[in-house]
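K.L.:
got a predicted structure here, sequence first:
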Amino acid sequence: MRTSDSRYLQLLQRLRKCECTVDDHELLTTRVIHPNHDVKSLDTDEWKKAPILVLRNELRTELNILATASEAFEKDVKPLVCIAQYEFKINIDNPDFHKYLLESPDNKTKWLPGYLSLVPGVHVLLTQNLAIELKLCNGTTAVCRSKTHTNSSCNTKIHAEYQRFPGET
């Protein structure tokens, strides 16, 4: 696709270099929302809290991490990151293997994520049926109100080296 709009072309060049500006954001907003549409801006709370649906891949995982970190920053709380505990039929004490599993996208581990990041008050969207009798099914939106966890045996060395999340999580 070719563009004759020099302003938009310059925006794309800055976007490739990760050097976007506030003016670029405003220009993109005008390209997404038609001036005659009822919605005048994507900067409203309604749109900021809207679920973002993407395929099950690395992009979805990164968006979840960013959303959790942003929500935690706004609420001035530390996010809770639950690390998966993998169980094998044989004992594998290779820390690199465990790190590999945690860093693998969930579409490579039969949709089982290596971690789950949560912040009290964050909006969540269920993507599979958990308990139909309780109306916890695919497509249900909810709000995480609290967290309850117990200390279990885990390899803290592996978790301490896992640098995917901001510090102090």
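P.N.:
Looks like it came in fine.
K.L.:
how close does residue 23 sit to residue 29?
P.N.:
According to C-beta to C-beta, to the nearest Å, residue 23 stands 11 Å off from residue 29. To be clear about C-beta, it is placed using only N, CA and C from the backbone, and glycine gets the same treatment.
K.L.:
for residue 128, same thing?
P.N.:
34 Å.
K.L.:
next one: residue 64
P.N.:
24 Å.
K.L.:
among those two, which residue is more densely surrounded?
P.N.:
residue 64 (18 against 13; other C-beta atoms under 10 Å).
K.L.:
residue contacts, the more buried one?
P.N.:
residue 117 (C-beta atoms under 8 Å, 6 or more residues apart in numbering).
K.L.:
so it is in which element?
P.N.:
helix 58-75 (DSSP states H and E).
K.L.:
then that helix to PDB, C-alphas only?
P.N.:
Provided in PDB are the C-alpha atoms of helix 58-75 (Å, rounded to 0.1, in the frame of the first residue of the first chain):
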ATOM      1  CA  GLU A  58       3.200 -13.700  22.200                       C
ATOM      2  CA  LEU A  59       1.400 -10.400  21.500                       C
ATOM      3  CA  ARG A  60      -1.500 -11.400  23.800                       C
ATOM      4  CA  THR A  61       1.000 -12.400  26.500                       C
ATOM      5  CA  GLU A  62       2.900  -9.100  26.200                       C
ATOM      6  CA  LEU A  63      -0.400  -7.100  26.200                       C
ATOM      7  CA  ASN A  64      -1.400  -8.900  29.400                       C
ATOM      8  CA  ILE A  65       1.900  -8.100  31.100                       C
ATOM      9  CA  LEU A  66       1.700  -4.400  30.100                       C
ATOM     10  CA  ALA A  67      -2.000  -4.100  31.200                       C
ATOM     11  CA  THR A  68      -1.100  -5.700  34.600                       C
ATOM     12  CA  ALA A  69       1.900  -3.500  35.100                       C
ATOM     13  CA  SER A  70       0.000  -0.400  34.100                       C
ATOM     14  CA  GLU A  71      -2.900  -1.200  36.400                       C
ATOM     15  CA  ALA A  72      -0.500  -1.900  39.300                       C
ATOM     16  CA  PHE A  73       1.300   1.400  38.700                       C
ATOM     17  CA  GLU A  74      -2.000   3.300  38.700                       C
ATOM     18  CA  LYS A  75      -3.200   1.700  41.900                       C
END
